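A.B. asks: Make a model of this:
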Amino acid sequence: MAKNGNGNGSTGENIDLSQVQKIIELVEKSQISGLTVETEHLKVDVRKHGVAPTLAETPAPVVGVASGGNTLAPKEPVSAAVGIHEIKAPMVGTFYSSPNPESATFVKVGDTVQKGATVCIIEAMKLFNEIESDVSGTVEKILVQNGQGVEYGQALIHIRPNS
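C.D. replies: Next up, the predicted model:
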């Protein structure tokens, strides 16, 4: 835990360690690689180390706690090509390419989409959130698979905007 100026370890907020343990367990049991919970004075960042876990090996999560707006999260790599717009995950959750297993996908590579059209769904805490395109254009690439866990800010779909 980061200490504040008075050296007592307090961050200005009470931390319930059972809540931190629940976050760690959530990351351990899920397919996500990490989770960040942030308040005005505190940030808890839980990340798995290394590559994806195998049946024989489950990595222990790393917990970082910072105060005063410091960040422990790694910087996101820039991956979109010039002229490509990325639709990013607005939350941590599970990516779905169609409204239900029996339905066709919202979009596929080569489709033309209009601004405001639903391109996928992200399920977060039993809520299904429709993600809309914020540009009109052509779907160039779908970066995640149906049912895959996604992180906040992760690129989901590349769209080449209309000229």
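
A.B. asks: Let me see the contact set for the closest residue to Ile32 other than its chain neighbours.
C.D. replies: Spatial nearest neighbour of Ile32, excluding adjacent residues (CB to CB, 6 or more residues apart in numbering): Gly149 at 4.3 Å. C-beta: built from backbone N, CA, C; applies to glycine. Residues in contact with Gly149, defined by CB atoms under 8 Å, 6 or more residues apart in numbering, are 30-32, 92-95.

A.B. asks: Quick check on these: which are buried?
C.D. replies: Buried residues within the contacts of Gly149, defined by neighbour count using 16 or more other CB atoms under 10 Å: 32, 92-95.

A.B. asks: related to what we said a few turns ago, which residues does the residue nearest to Ile32 bridge with?
C.D. replies: Thr94 (DSSP bridges).

A.B. asks: got the end-to-end distance for stretch 83-101?
C.D. replies: One end of stretch 83-101 sits 33 Å from the other (CA to CA, to the nearest Å).

A.B. asks: Same question for stretch 127-137.
C.D. replies: Stretch 127-137: ends 28 Å apart by CA to CA.

A.B. asks: Name the surrounding residues that touch it.
C.D. replies: 85, 87, 89-91, 93, 96, 112-123, 156-157, 159-162.

A.B. asks: re earlier: would you mind measuring from the residue nearest to Ile32 to His85?
C.D. replies: Using CB to CB, to the nearest Å, Gly149 is found at 23 Å from His85.

A.B. asks: try Leu26
C.D. replies: Applying CB to CB, the value for Leu26 to His85 is 31 Å.
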